[in-house]
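In: Here's my sequence, what's the structure:
(2 chains)
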There are 2 protein chains.
Amino acid sequence: MTSLSAAIVIIGNEILSGKTQDQNIQFIALELEKIGIRLNEVRIVADIEEDIIEAVNGLRTKYTYLFTTGGIGPTHDDITAKTIAKAFNKKYILNKNAQDIIEQHIISSGREVRSDHIQMAYMPESAELLLNYETGAPGFKIDNVYVMAGVPYIMRSIFMEARKFLQSCKPIISKSVEVSVAEGAIAKQFGDLQDKYPAVEMGSYPFKINEKWKTNLVLRSTDEDLIDEAMVKLKQIIENV
Amino acid sequence: MTSLSAAIVIIGNEILSGKTQDQNIQFIALELEKIGIRLNEVRIVADIEEDIIEAVNGLRTKYTYLFTTGGIGPTHDDITAKTIAKAFNKKYILNKNAQDIIEQHIISSGREVRSDHIQMAYMPESAELLLNYETGAPGFKIDNVYVMAGVPYIMRSIFMEARKFLQSCKPIISKSVEVSVAEGAIAKQFGDLQDKYPAVEMGSYPFKINEKWKTNLVLRSTDEDLIDEAMVKLKQIIENV
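Out: Reported below is the predicted structural model:
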């Protein structure tokens, strides 16, 4: 079975300045899990050409898919499309299909088409459009790189189009159990269990509620039977803590 | 004036799987702004030794400071301290001070010290401790790398200790104005204003509320007078849209 991997590049000073809390990583991560694609890495970079190129070229060659969010609007700080063209050594051109789609969207909502609308139709030569049913201006795909908006509800619309291009594997299944102890109390046995089931990824995530420690123990795998088998043993461990 | 830069490496499968929403980036970003340190990049990597080493060694040489969060607990998936030792080519040893601190914390809360508690006192040789007033087990600093817990309230406690080591610059000031138009409507004039004030970073962040577009226009700089001057001009632009 092929193993499918992915990375995200979040392009946006607003996340790095702390002004905005990212809302896209979790959505993409969960959607990818459903179709068996593992999110291996995320980078958040500023609106700086060389930083974007380094991240995009470093990750698109390393993973099956790369998703970018942010920087495809009409303002001066939206440099993603132009920069992706540079990363691929492609011309940055007016995509006529994108222009038609944007113009139709604007005209159908009773507005006049302005140059800033058309600006969003520029993209790398040979890019394929990813339609945006929310606000018209499409994202695009070039090779294994999927370029999406940063505004969450627009990103989601474009991601659903991107999904049509993605291969899928057996979904990655995750089951968890909450225990009312700090993680240290079962660290040794949980580690031993991980050694017995190398194909099940086991994680331990402590949290505190009302001054009491609890721990979420998470088992992840594409093999549900194996998760269930390991879960039975984990519950035996927990009962004896 | 020195220019201070920083990066974060978030170590954690729980963020990449979408199970957990990161809460640490925004806190660190805002704290750094206050002391004039610019957060330039964030990477989120899995609990995989080679991925962590690549991110840590790539970023610690590129920026003034590197902060890591996650993976310093007592369970088998907590590989950060050992991996940081490897990244620095340092021995991974029991830090006696850390051991004392952890033991005192456990004993003073009426519990018995177990081996998983002591596990958290292992760190790279020559690491300096970053005290944790919440749960005892300290983070550490090695060279320009600050290694902190992933659980947000513990991370915050350790970060406040890390801050004592950080140089500071003039704080990065951010002022914004909200306009009731889509960003495209002022894209051209806003871009022209950016050209006139290269030392003020100008960003445009659209959002939709009750089906109406609004845009946040943000001006950032260490020079407040310059921000205020640009803001006067920006408001003139907005009045004429």
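In: And the residue nearest the centre of chain A?
Out: Centroid check for chain A by CA atoms, centre = their mean gives residue A:28 as the closest residue, at 3.7 Å.
In: Show me which residues of whichever strand or helix holds residue A:31 are buried.
Out: Assignment of secondary structure by DSSP states H and E places residue A:31 within helix A:24-34. Of the residues in helix A:24-34, those scored as buried under the neighbour-count criterion (16 or more other CB atoms under 10 Å in any protein chain shown) are A:24-29, A:31-33. For every residue, glycine as well, the C-beta is placed using N, CA and C.
In: Now do the domain split for chain A, please.
Out: Domain assignment for chain A by automatic domain parsing gives A:4-165, A:173-239.
In: circling back: wait, which of the buried residues of helix A:24-34 is closest to chain B?
Out: Ranking the buried residues of helix A:24-34 by separation from chain B, with CB to the nearest CB as the measure, puts residue A:29 on top at 3.1 Å.
In: Do a quick rundown of the strands in chain A.
Out: Per DSSP state E, chain A carries strands over the ranges A:4-11, A:37-45, A:65-69, A:92-94, A:122-124, A:128-132, A:136-142, A:145-148, A:173-179, A:201-209, A:212-221.
In: May I see those strands arranged in CSV, with distance to chain B, mean pLDDT and mean neighbour count as well?
Out: Converted to CSV, the strands of chain A look like this (distance: least, CB to the nearest CB, whole Å; pLDDT from 0 to 100; neighbours: other CB atoms under 10 Å in any protein chain shown):
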stretch, distance to chain B, mean pLDDT, mean neighbour count
strand A:4-11, 8, 98, 24
strand A:37-45, 4, 97, 25
strand A:65-69, 13, 98, 28
strand A:92-94, 16, 98, 13
strand A:122-124, 13, 98, 23
strand A:128-132, 13, 98, 19
strand A:136-142, 9, 97, 24
strand A:145-148, 15, 98, 26
strand A:173-179, 6, 95, 16
strand A:201-209, 4, 91, 19
strand A:212-221, 7, 93, 19
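In: mind putting those in TSV, distance to residue B:149 included?
Out: TSV is the format used below for the strands of chain A (distance: least, CB to CB, whole Å):
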stretch	distance to residue B:149
strand A:4-11	23
strand A:37-45	20
strand A:65-69	28
strand A:92-94	44
strand A:122-124	42
strand A:128-132	39
strand A:136-142	37
strand A:145-148	32
strand A:173-179	19
strand A:201-209	9
strand A:212-221	13
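In: What residues are bridge-paired with residue A:68?
Out: For residue A:68, the beta-bridge partners are residue A:9, residue A:147 (DSSP bridges).
In: That one and residue A:43: what is the separation?
Out: 10 Å (CB to CB, to the nearest Å).
In: Give the residues shared as contacts by these two.
Out: With CB atoms under 8 Å, 6 or more residues apart in numbering or on different chains applied, the overlap between the contact sets of residue A:68 and residue A:43 consists of A:8-10.
In: follow-up on the earlier one: for the residue nearest to the centre of chain A, which residues are in contact?
Out: Under the criterion of CB under 8 Å, 6+ apart, the contact list for residue A:28 reads A:8, A:39, A:67, A:69, A:159, B:18.
In: Among these, find me the one that's closest to residue A:107.
Out: For residue A:107, the nearest member of the contacts of residue A:28 is residue A:159. The distance, counting by CB to CB, is 26.3 Å.
In: Which residue comes closest to the closest one once chain neighbours are left out?
Out: residue A:148 (6.1 Å; CB to CB, 6 or more residues apart in numbering or on different chains).
In: again, but for residue A:169
Out: Ranked by CB to CB, 6+ apart and with sequence neighbours excluded, the top spatial neighbour of residue A:169 is residue A:36, at 2.9 Å.
In: again with residue A:197
Out: By the measure of CB to CB, 6+ apart, the closest residue to residue A:197 outside its immediate chain neighbours is residue A:230, 4.7 Å from it.
In: looking at it, that neighbour is touching residue A:190, isn't it?
Out: No: with contact defined as CB atoms under 8 Å, residue A:230 does not count as touching residue A:190 (10.5 Å).
In: Identify the contacts common to the two.
Out: residue A:202.
In: Please give me every residue in contact with residue A:163.
Out: Residues counted as contacts of residue A:163 (CB under 8 Å, 6+ apart) are A:31, A:35.
In: ok, it to residue A:82 distance?
Out: Here residue A:163 is placed at a distance of 26 Å from residue A:82 (CB to CB).
In: Kindly report the same for residue A:171.
Out: Counting by CB to CB, the gap from residue A:171 to residue A:82 is 36 Å.
In: How about residue A:53?
Out: From residue A:53 over to residue A:82 the distance is 11 Å, taken as CB to CB.
In: OK, contacts around residue A:23?
Out: Remark: with contacts taken as CB under 8 Å, 6+ apart, residue A:23 is in contact with residue A:152.
In: Now do it, the pLDDT please.
Out: With respect to pLDDT, residue A:23 has a value of 93.
In: quick revisit: kindly reformat the buried residues of helix A:24-34 as TSV containing distance to residue A:134.
Out: Supplementary listing: these in TSV, determined by distance: CB to CB, whole Å:
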residue	distance to residue A:134
A:24	14
A:25	20
A:26	19
A:27	14
A:28	17
A:29	21
A:31	17
A:32	21
A:33	24
